[in-house]
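K.L.:
My questions concern the predicted model and sequence given below.
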Amino acid sequence: MGDKFGQIHLVDVSRKLVLDKMEISRFKGRRIINISSATIEWIDTKLTYVAVVARGFPVVSIVCFKHNENKLYSFYSLNTAPTLENSDALEQNEGQTYLELPAETKLSLDCEFMSIISFDGAVKVIRMPEIIDPM
């Protein structure tokens, strides 16, 4: 679950308990507008990858947690619009539009690919890095 201030929360809904929360430093003060997740088998447990999009920001963050650990870890950040000037504070650019920025992401069920849909309707398909080898 995301909030209005750039934080994501790991919640156990059945027990009404917040297990962990993480403030994504680059998203500080920005509303989380989309979260996509995919869970895969990993050794004797499961890994869940979460792609997070913040309002008015070109970076998509990938967060992961192990089911037996219940702790969020930040893995990757992907700048979807590297050509934009002043990407950390787009509001300061004169005439800046949000059309190139990500509006939604979707992780494939096997965590091999991620699609990023921007506000102008463009779709980018990204191959995800290899799953971490615990050995």
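P.N.:
Cool, got the structure.
K.L.:
got the end-to-end distance for stretch 41-61?
P.N.:
Terminal residues of stretch 41-61 are spaced 21 Å apart (C-alpha to C-alpha, to the nearest Å).
K.L.:
Show me which positions of that stretch end up buried.
P.N.:
Within stretch 41-61, the residues that qualify as buried by neighbour count (16 or more other C-beta atoms under 10 Å) are 42, 47-55, 57-61. (Glycine included, C-beta is placed from N, CA and C.)
K.L.:
Likewise for stretch 106-121?
P.N.:
Buried-residue list, stretch 106-121, by 16+ other C-beta under 10 Å: 106-107, 111, 114, 116-118.
K.L.:
how about that stretch as CSV, C-alpha atoms only?
P.N.:
What follows is stretch 106-121 as a C-alpha-only set of coordinates in CSV (Å, rounded to 0.1, in the frame of the first residue of the first chain):
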residue,chain,number,x,y,z
LYS,A,106,2.7,-4.1,-14.6
LEU,A,107,5.1,-6.9,-13.6
SER,A,108,4.9,-10.2,-15.5
LEU,A,109,3.9,-13.2,-13.3
ASP,A,110,7.4,-14.7,-13.6
CYS,A,111,9.2,-11.3,-12.9
GLU,A,112,10.9,-11.5,-16.3
PHE,A,113,9.4,-8.4,-17.8
MET,A,114,7.8,-5.1,-16.7
SER,A,115,5.6,-2.9,-18.8
ILE,A,116,5.5,0.8,-18.2
ILE,A,117,2.5,2.8,-19.5
SER,A,118,3.0,6.6,-19.7
PHE,A,119,0.4,9.3,-19.6
ASP,A,120,0.5,9.8,-23.4
GLY,A,121,-0.3,6.1,-23.9
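K.L.:
Let me see the ranges of the strands in this protein.
P.N.:
Under the criterion DSSP state E, strands of the chain are mapped to 7-12, 17-23, 32-42, 45-54, 59-66, 73-79, 102-107, 113-118, 123-127.
K.L.:
Can I get those in TSV including mean pLDDT?
P.N.:
Below are the strands of the chain laid out as TSV (pLDDT from 0 to 100):
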stretch	mean pLDDT
strand 7-12	86
strand 17-23	87
strand 32-42	92
strand 45-54	92
strand 59-66	91
strand 73-79	89
strand 102-107	96
strand 113-118	96
strand 123-127	95
